[in-house]
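Q: How does the following fold in three dimensions:
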Amino acid sequence: MAAAGPAPLLPAEAEALVRALQGTELRDAGGQGWLRQHECVEKLNMHAILSASAGQEQLLTELLVTYAKIPVLIGELISVEIWKHKIFPVLCRLEDFKPSSTFPIYVVLHHEASIINLLETVFFYKEICESAEDSILDLIDYCHRKLTLLAAQSANRQTVTPVELHPEDLASPSSMQELQKQAETMEFEISLKALSVLRFITDQVESLPLSALTRMLNTHNLPCLLVELVEHCPWSCREAGKLKKFENGAWHVVPPEDQVQMTKLDGQVWLALLNLLLSPECQRKYHFDGFNKSQLLKLRAFLTDVLVDQLPNLVEMQRFLSHLAVTEPAPPKKDLVLEQVPVIWDHILKKNTGKWEAIAKHQVKRVFSPTEEELKLQARRWAQTYSLDMMEALAPDKPRCRVCGAEAAKRCSRCRNEWYCTRACQVQHWQKHKAACNLMAGVPRSVDDL
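A: Numbering: from 1, shown residues only. As a prediction, the model looks like this:
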């Protein structure tokens, strides 16, 4: 009989982790208190994915709402985004900074991906969206920044190639350069997650505050931005005459018979457009001027019978665009209301502007230059957070050989961190793997081994 997969957290464990979530200072990123927050997010993230796959995510949703933790997560998301844009480049420029291991920096970079992944899993629920309260404006701005980056890259025909980092890469002399490449790859995947979060926000247009609608429709003109994504489709490219699409963290060659198949990401864009353009409240507030109208009418070329068959709701979009083409909608009615504005981004910038280099040097000295003993101690904590059985359960694909990329069935027996298809590949890789293996071999594989 097959062994049962890892189970989600017990209710008491999940509640303790949710209650422990709290905001941190930018200066403390990577420190001990910050790492405890990161561990909470990672465990909740893995719990959310396992619970969603089992249809049991209601408990986590209720906990996040009850303890008002969605604004905390949004604040942390924006804080680490600012760290990545302001502090990380300074670290990369410091000539005398040659870390023996860049994994502590990688953990900070990965924190943004962990939070947006958690939000993507739970924002499906209306009560989560409502519990964000005023911070929903900050999240809308965040999603807009990510989608603007996606649209700009696709318009310039820039394709992001995933870079897989391994422990020995993070300990090599060129590891800061490798880390920068990985940060670019993560940015692309984070932007795709932000698209899903934005679509879930648009699902709730009827209950969003007026300021949120104004921000999406007029401040950021999200309908036109979404049209650009339909036009350029950043998660699709042609390479050597073959169509490739990005799904589950990797680019895949699409067989000719599947090339007209709508992907999940295509669906997210169309559903967001349906929500923003067909809602009576949105139609009343959106300005259908000459430019906006011409951009929206570009969608008609993409609304083929094959596409509509896959998402029948698009029939309503076809009707709306046909009507828009022959009419001149009235300008939006101007409501005299006090508009709320997002505050998290501006608050963090105002508090830290002019201090970026000082913060980077503080973190180099206190956080990112650990001794070998401190690194081993931290590896022990990571081993407790990233259970190997849990990570394998969450992985979308079967393990691949570290050397040749073939499907692998053998694992390094000392560290259990690398996979190989044959003994020959393992022997070939040993010199590169040795240092990381020695570090990880002394780390307990589970909490029970401590």
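
Q: can you pull the buried residues of stretch 427-438?
A: Under the neighbour-count criterion of 16 or more other C-beta atoms under 10 Å, stretch 427-438 has H429, K432, H433, A436, C437 buried. All C-beta spots, glycine's among them, are computed from the backbone N, C-alpha and C.

Q: Report the separation between the third one and W251.
A: The reference is to H433. Using C-beta to C-beta, to the nearest Å, one gets 26 Å for the distance from H433 to W251.

Q: Which secondary structure state is assigned to the residue nearest to the spatial centre of the chain?
A: Central residue of the chain (C-alpha atoms, centre = their mean): I190, 3.0 Å from the mean position. Under DSSP: H, G, I helix; E, B strand; the rest coil, the three-state class of I190 is helix.

Q: now the chain, which segments are flagged as low pLDDT?
A: Residues of the chain meeting the criterion pLDDT under 70: 1-7, 156-174, 333-339, 383-398, 416, 439-450.

Q: which helices and strands sit right next to the strand ranked longest in it?
A: For the chain, the longest strand by residue count, based on DSSP state E, is strand 242-247. Here strand 242-247 touches strand 236-239, strand 250-253, helix 264-278, going by 3 or more C-beta pairs under 8 Å, 6 or more residues apart in numbering; DSSP states H and E.

Q: rerun at 7 Å
A: Secondary structure elements in contact with strand 242-247, counted by 3 or more C-beta pairs under 7 Å, 6 or more residues apart in numbering; DSSP states H and E, are strand 236-239, strand 250-253.

Q: how far out from the middle of the chain is that strand?
A: 19 Å (C-alpha atoms, centre = their mean, to the nearest Å).

Q: could we number from 13 for the rest of this?
A: OK, 13 is where the count begins now, so the last one is strand 254-259.

Q: got the buried residues for that strand?
A: When burial is assessed from 16+ other C-beta under 10 Å, strand 254-259 yields the following buried residues: K256, K257, F258.

Q: Report the inter-axis angle for that strand versus helix 276-290.
A: Here the directions of strand 254-259 and helix 276-290 differ by 70 degrees (axes from the mean of the first three to the mean of the last three C-alpha atoms, to 10 degrees).

Q: Sheet partners, orientation included, of strand 254-259?
A: Here strand 254-259 is paired, per DSSP bridges, with strand 248-251 (antiparallel), strand 262-265 (antiparallel).

Q: now for those, which one comes closest to A164?
A: Relative to A164, the nearest member of the strands paired with strand 254-259 by C-beta to C-beta is strand 248-251, separated by 15.4 Å.

Q: Kindly format the C-alpha coordinates of that closest one as CSV.
A: Provided in CSV are the C-alpha atoms of strand 248-251 (Å, rounded to 0.1, in the frame of the first residue of the first chain):
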residue,chain,number,x,y,z
SER,A,248,4.0,32.4,-24.5
CYS,A,249,6.9,32.5,-26.9
ARG,A,250,8.3,30.9,-30.1
GLU,A,251,11.7,29.3,-30.0
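
Q: Give me the distance from it to the chain's centre.
A: With C-alpha atoms, centre = their mean as the basis, the distance from the averaged C-alpha position of strand 248-251 to the chain average is 22 Å.

Q: and it, which residues are buried?
A: Taking 16+ other C-beta under 10 Å as the neighbour-count basis, strand 248-251 is seen to contain the buried residues S248, C249.
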